[in-house]
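A.B. asks: only geometry, no sequence info:
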């Protein structure tokens, strides 16, 4: 297996585990009540930091919260916006933290904002790119085998095919299905 696929799978696994942990923590701390809603926490935090040009708005979805620096909005999912829990307060404060970073020209926020389109594109299309790459690699393996079958018509490549190879290779038209399957998935 190529190293980039191993790296991708490792990063994907870690990302999945972090996301799973975040959801579990959010569900746990959604049960702990506080006096202010997520919206009220966000508005207070913005006011306390002298930020009056950022709006706090509700957005659909589950844990879809984010700060939008161009529109100057703190977008809170409905559960966070209306929620009166430790989890809602924490998420609202976290997103307002990005607004505070933006207001103070925090350099890492500028870098993060520049990377958002790239990461968004990559997360939306990387699975499709990997599928296409896998199919291309699989197709090239099958094509190599077809060339071998064509050159050695009716002769099995190895005994794993069934010894006498009842379904012997017969060129492109009736290639040995065992070899095609084995080569496509084993590389």
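C.D. replies: Perfect, thanks for sending it. A quick note: this is a predicted structure, and the numbers were derived from the prediction, not measured. Numbers count the residues shown, from 1 in each chain.
A.B. asks: which residues sit against stretch 28-48?
C.D. replies: The contact list for stretch 28-48 (Cβ atoms under 8 Å, 6 or more residues apart in numbering) reads 52, 54, 56, 58, 74, 76, 79-93, 95-96, 99-100. Placement of C-beta: from N, CA and C, glycine included.
A.B. asks: That stretch spans what distance, first to last residue?
C.D. replies: 28 Å (Cα to Cα, to the nearest Å).
A.B. asks: tell me which element residue 117 falls in.
C.D. replies: Assigned by DSSP states H and E, residue 117 belongs to helix 107-151.
A.B. asks: mean confidence for that helix?
C.D. replies: The average pLDDT for helix 107-151 rounds to 65.
A.B. asks: same thing with stretch 79-89?
C.D. replies: Averaging pLDDT along stretch 79-89 gives 95.
A.B. asks: do the same with stretch 32-44
C.D. replies: In this model, stretch 32-44 has an average pLDDT of 97.
A.B. asks: List the ones among the contacts of stretch 28-48 that fall in helices.
C.D. replies: 79-82, 86-93, 95-96, 99-100 (DSSP state H).
A.B. asks: how's the protein carved up into domains?
C.D. replies: The chain is divided into the following domains under automatic domain parsing: 3-105, 124-186.
A.B. asks: before we move on, back to that, which of the contacts of stretch 28-48 are buried?
C.D. replies: Burial by neighbour count, 16 or more other Cβ atoms under 10 Å: within the contacts of stretch 28-48 this picks out 54, 56, 74, 76, 79-81, 83-92, 95-96, 99-100.
A.B. asks: Hmm, residue 96 is touching residue 74, no?
C.D. replies: Yes: because the distance of 5.8 Å satisfies Cβ atoms under 8 Å, residue 96 is recorded as touching residue 74.
A.B. asks: Overlap in contacts, the two.
C.D. replies: 42, 46, 67.
A.B. asks: Which residues are in contact with the last one?
C.D. replies: I take that to be residue 67. If you count contacts by Cβ under 8 Å, 6+ apart, residue 67 has them with 73, 74, 75, 95, 96, 98, 99, 102.
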